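Enquirer: Pasted the sequence and its predicted model underneath.
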Amino acid sequence: MESTQIYSTGRRKTAVARVWLKPGSGAITVNSQEVAAYFPRKTLLAIIQQPLEAANVLGRFDVVATVEGGGLSGQAGAVRHGISRALVTGAPTAKDTLRRGGYLTRDSRKKERKKYGQKGARARFQFSKR
């Protein structure tokens, strides 16, 4: 890592995460809270740590993230995307492993909107001839 701090943006559904990577002991902070306090589910913690484990830098960087929008699952995915992009900026050798793991691809799936005259996005009202 040539610079002291690396910034990147991650997105997932309607969540946007601003992520800063700094050389450190491996502490992860999200919205000024400890990551375990902000994301109570272990699966969400695992999602956030995936790119760090794939690049073999789990205990070497402190992560500071600010997340807005969406729910907890989308926010965790946005933080993961931001960490992955920051790692590529700082350590270009990790790009191949992160690309193969699918961490650099932005998951663009969003909730489909409800259409007028219908029950939901795809669901219709039941048809009756009589």
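Expert: Yes, it's here. Numbers count the residues shown, from 1 in each chain.

Enquirer: and V19, what is it in contact with?
Expert: V19 is in contact with Y7, S8, T9, G10, V63, V64, A65, V79, G82, I83, R85, A86, counting by C-beta atoms under 8 Å, 6 or more residues apart in numbering. Backbone N, C-alpha and C define where each C-beta goes, glycine included.

Enquirer: for the third one, helix, strand, or coil?
Expert: So the one you mean is T9. strand (DSSP: H, G, I helix; E, B strand; the rest coil).

Enquirer: Was I right to think it contacts G82?
Expert: Yes: between T9 and G82 there is a contact at 5.9 Å, judged by C-beta atoms under 8 Å.

Enquirer: Could you check which of these two is surrounded by more residues?
Expert: Between T9 and G82, G82 has the larger neighbour count (other C-beta atoms under 10 Å), namely 28 against 13.

Enquirer: Contact partners for the more buried one?
Expert: Going by C-beta under 8 Å, 6+ apart, the list of residues near G82 reads S8, T9, G10, A17, R18, V19, A65.

Enquirer: Thanks a lot, catch you later.
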